[in-house]
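Novice: Generate coordinates for the sequence data below:
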Amino acid sequence: MARVLLLSPTWRLVTAALVALGLLTLPTYLLALILLPPVPPIVMIRSFLLGTALPLCMAWGMMRAFAGSLAVRDGELALRRGDLEMVVPCTAIAGVRPWWIALPAPGLSLRLHDGRNVPLGVAFDDPLPPLDALATFGIDTTGARHHPSLTRAATRPRRPWWGAALKFGVLGILPASLLFYTHQHIAYGGPFGQYYLESPRAYFTSFAQYWATTAILLLSYASLWRTAAELIVWTIAAITPSHTQSTRNAVETLCALAYYAGVPAMLAFRYLAD
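Specialist: Okay, here's the model as predicted:
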């Protein structure tokens, strides 16, 4: 049995639109920092919550609601989720059609011999378990395994949910503290100037805003590298599938260097330039 998402065409469109909106807004925060006059922290935080976090959280909730399973037993394909169960004879399935646009996740449609598709699309994080389950009963999955969208997805590292919180939230405290320390010296004449001149509440509120803004900018910066990396992997998967894994290894190393070495280097350059 493989854990999957079971989406009707309508709900796939809605969920994909929410994911696309959240992902497309990610790079804009860094671009706004470069191209626009200084953006107040509260404005950036509000924009992030409404433009990025809200649609992605809505999409996550929908995907939780549409989570189900795919299993092949006794020559029948069983698609189950909380509100429905659909059983399709494997002999009625002519093949699988991967989605070219992997939103809200990589997935595929099941094509029947009469030319129609099974009403539910199947989306997943890792394409190999559902493809293996389908291939067990003679359904041809060879073409799907070499499709660039699924080949890219198969090589993508699986990271725990807390990895992003550690990478952007916890590690973001370090550059946020440096920027906040500088702000306190410039605006209040010392590291605790605001604490004594205004109030502890104002002081810690300012730090929280600096930390949240820094985390957003780090996420925005990483999203630019991630977008480029995924496009490169997809292109290589389409041209020379045998090189997809080596390309994935290279771009993951590059993204790690750009973040863990690039961010400190940019901060150092910024302070040394002054």
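
Novice: residues contacting residue 251?
Specialist: Neighbour list for residue 251: 228-229, 232-233 [criterion: Cβ atoms under 8 Å, 6 or more residues apart in numbering]. Yep, even glycine has a C-beta here, placed from its N, CA and C like the rest.

Novice: Quick one: residues in contact with the strand or helix carrying residue 266.
Specialist: Under the criterion of DSSP states H and E, residue 266 resides in helix 262-273. The contact list for helix 262-273 (Cβ under 8 Å, 6+ apart) reads 175, 178, 218, 221.

Novice: one more time with 7 Å
Specialist: Contact with helix 262-273 is made by 175, 178, 218, as judged by Cβ atoms under 7 Å, 6 or more residues apart in numbering.

Novice: What ranges does the stretch 101-250 of the chain have for its strands?
Specialist: Assigned by DSSP state E, counting those that start in this stretch, the stretch 101-250 of the chain shows strands spanning 107-112, 121-123.

Novice: So for residue 161, which of those strands sits nearest?
Specialist: strand 121-123 (18.0 Å; Cβ to Cβ).

Novice: So what are the sheet partners of that closest one and their directions?
Specialist: Looking at strand 121-123 with DSSP bridges, its partner strands are strand 2-7 (antiparallel), strand 107-112 (antiparallel).

Novice: which one of those strands is the most hemmed in?
Specialist: Stretch with highest mean neighbour count among the strands paired with strand 121-123: strand 2-7 (a mean of 23; mean count of other Cβ atoms under 10 Å).

Novice: Which strands or helices does the next helix or strand after that strand pack on?
Specialist: The C-terminal neighbour of strand 2-7 among helices and strands, as given by DSSP H and E, is helix 9-25. If contacts are counted by 3 or more Cβ pairs under 7 Å, 6 or more residues apart in numbering; DSSP states H and E, helix 9-25 sits against helix 54-65.

Novice: Next, the residues that contact the helix it packs on from outside, please.
Specialist: Contacts of helix 54-65 (Cβ under 7 Å, 6+ apart): 5, 11, 15, 18-19, 21-22, 104.

Novice: where's residue 228 relative to residue 216, distance?
Specialist: According to Cβ to Cβ, to the nearest Å, residue 228 and residue 216 sit 20 Å apart.

Novice: Could you check which of the two is surrounded by more residues?
Specialist: Neighbour comparison, residue 228 and residue 216: the larger count goes to residue 216, with 24 against 14 (by other Cβ atoms under 10 Å).

Novice: quick one, what contacts the more buried one?
Specialist: Residue 216 sits next to 29, 44, 48 when contact means Cβ under 7 Å, 6+ apart.

Novice: Tell me the spacing between it and residue 24.
Specialist: 15 Å.

Novice: ditto for residue 30
Specialist: Using Cβ to Cβ, residue 30 is found at 13 Å from residue 24.

Novice: Then residue 257?
Specialist: Distance from residue 257 to residue 24, counting by Cβ to Cβ: 25 Å.

Novice: which residues of the stretch 151-274 of the chain fall in helices?
Specialist: Using DSSP state H, counting those that start in this stretch, the helices found in the stretch 151-274 of the chain span residues 162-164, 173-188, 193-197, 200-239, 244-260, 262-273.

Novice: closest to residue 129 out of the ones you listed?
Specialist: Proximity to residue 129 (Cβ to Cβ) singles out helix 244-260 among the helices of the stretch 151-274 of the chain, at 18.2 Å.

Novice: export that closest one as CSV, just CAs?
Specialist: Taking C-alpha atoms only, helix 244-260 is exported to CSV below (Å, rounded to 0.1, in the frame of the first residue of the first chain):
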residue,chain,number,x,y,z
THR,A,244,19.6,12.9,-13.2
GLN,A,245,21.0,11.6,-9.9
SER,A,246,24.5,13.0,-10.3
THR,A,247,22.9,16.3,-11.3
ARG,A,248,20.8,16.2,-8.2
ASN,A,249,23.8,15.6,-6.0
ALA,A,250,25.6,18.5,-7.6
VAL,A,251,22.8,21.0,-7.3
GLU,A,252,22.1,20.0,-3.7
THR,A,253,25.7,20.7,-2.8
LEU,A,254,25.6,24.0,-4.6
CYS,A,255,22.4,25.0,-2.8
ALA,A,256,24.0,24.1,0.5
LEU,A,257,27.1,26.2,-0.2
ALA,A,258,25.0,29.1,-1.4
TYR,A,259,23.1,29.1,1.9
TYR,A,260,25.5,28.1,4.6
